[in-house]
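S.K.: sharing a model that was predicted from the sequence below.
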Amino acid sequence: MKLHLCYELDQAQKDQWEQFWYKCRHAHPRQHFLFGQVERAKGRIPVYAMGEINGSIVCLGIFSIKPLLSGKKLSLEAICLRGPSFDDITYGREFLLQIISRFKTLCVGSIRISPYWIFPEADKVLPVLAELGFSFYSSNSSAHDSTGLVDLQRSNDDIFSSLSKSTRREIRRAERQNITVRPTNNSSETEIFFQRLNQMNRERGIIPVSHNEFKATFQYILGKQQLGVLLNSFAGQTFLGGLWIIRSVLTAHTARYVVAPNPLKELSNLSIGPLLWWSGIKWAKEKGCLWLNVEGYADNADPSDTKYFVYKFKKKFKPQPVYILKQHIHICQPFVYSMYKGRNFLSRGWYAITGLLYKIKKKTSIRKLLRKSAR
């Protein structure tokens, strides 16, 4: 196998990349070359890696490099989100072997990968990753992450009838109230979604999405409505919520979902999620997708689970529980990796603290309003 690493792709390479991406059964949307532009907008350096045999691509991956300082001399990590993409495990092994060797020479601290393979088929990949020195990235020793797939190979009527009774009722209720859901293609509507998304992230102590990243995602992915779409819902001109979806040839994936609680309360506590997700299902079907991945799901989650209510909402759409290969890491330079871990710990701690402060400030503001109204 011949390994090519590029910081930019010419048109011929883009055509080759897309041709393989379209036919690869284990290709995730994030491994389309256009997502390299999103990584660049995040201040990272995308490295396009292609494994070729006899001039044809048999494996590929976008490795997002996080430099320690400006330039490419020393890098904290290289992340391949839901990749690399390969169907033949022998080719995948050789590709990763060469990737490790090349990235060590580039002084990369660690390599993180998460090939999009579903169990039990993914059982074939685990021993290969272990042989190459990869280990589970999270402290949880489980070999898999849980998610759910909604079968889109049925008619719209069959899918709709499979939804829970309360979900069908909420969809019809929203339609009776003339709630509209439409693909967003203008800057003002995308900005509304962006502001609400980061407000939600601050409330939860989650690292916010940068404006540059969001703009690039819309420019290259969502605005063209081919690899993805941003569906926003409105009551007249009032924003109620939005759903961001990306897709490969076979599978669509929910990426971000937000709601605007206050306007929904004024509509008698309307639940906008069912109509938004039903619209997302129909969009994915129109694009020829066979499945909708709800991106995180446990069928019998314990009420003490922090994601219990998220899973409870997704259960409305009757996804089939599945397990996917979890993220793995290979440490190339232990000292550089330890620097990354320390920096990452401080960054996440800071956002957790700011999230807590945001909640305290919000509660204080509510108390002040209540006192004023009581006078």
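M.R.: Cool, got the structure. Residues are numbered from 1 along each chain as shown.

S.K.: distance check, residue 29 against residue 175.
M.R.: Residue 29 sits 29 Å away from residue 175, taking Cβ to Cβ, to the nearest Å as the criterion. C-beta: built from backbone N, CA, C; applies to glycine.

S.K.: those two: who's more crowded?
M.R.: residue 29 (24 against 13; other Cβ atoms under 10 Å).

S.K.: dump the residue contacts of that one.
M.R.: Shown here is residue 29, whose contacts under the criterion Cβ atoms under 8 Å, 6 or more residues apart in numbering are 35, 82, 227-228, 246-248, 253.

S.K.: spatially central residue in the chain, please.
M.R.: Residue closest to the mean C-alpha point of the chain, counted by Cα atoms, centre = their mean, is residue 255 at 4.6 Å.

S.K.: chain neighbours aside, what residue packs nearest to that residue?
M.R.: What sits nearest to residue 255 in space, not counting adjacent residues and going by Cβ to Cβ, 6 or more residues apart in numbering, is residue 244, at 4.5 Å.

S.K.: what would the contacts of residue 29 look like in JSON lines with distance to residue 287, pLDDT and neighbour count?
M.R.: Output for the contacts of residue 29, formatted as JSON lines (distance: Cβ to Cβ, whole Å; pLDDT from 0 to 100; neighbours: other Cβ atoms under 10 Å):
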{"residue": "35", "distance to residue 287": "17", "pLDDT": "97", "neighbour count": "25"}
{"residue": "82", "distance to residue 287": "18", "pLDDT": "96", "neighbour count": "23"}
{"residue": "227", "distance to residue 287": "9", "pLDDT": "96", "neighbour count": "18"}
{"residue": "228", "distance to residue 287": "10", "pLDDT": "97", "neighbour count": "25"}
{"residue": "246", "distance to residue 287": "11", "pLDDT": "98", "neighbour count": "23"}
{"residue": "247", "distance to residue 287": "6", "pLDDT": "98", "neighbour count": "24"}
{"residue": "248", "distance to residue 287": "10", "pLDDT": "97", "neighbour count": "26"}
{"residue": "253", "distance to residue 287": "12", "pLDDT": "98", "neighbour count": "23"}
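
S.K.: what is the nearest of those to residue 218?
M.R.: residue 228 (9.1 Å; Cβ to Cβ).

S.K.: list the contacts for the nearest residue to residue 253 once chain neighbours are set aside?
M.R.: Leaving aside its sequence neighbours, residue 253 sits nearest to residue 293 (Cβ to Cβ, 6+ apart; 4.6 Å). Contact partners of residue 293, counting by Cβ under 8 Å, 6+ apart, are 147-149, 251-254.

S.K.: how close does residue 293 get to residue 116?
M.R.: 9 Å.
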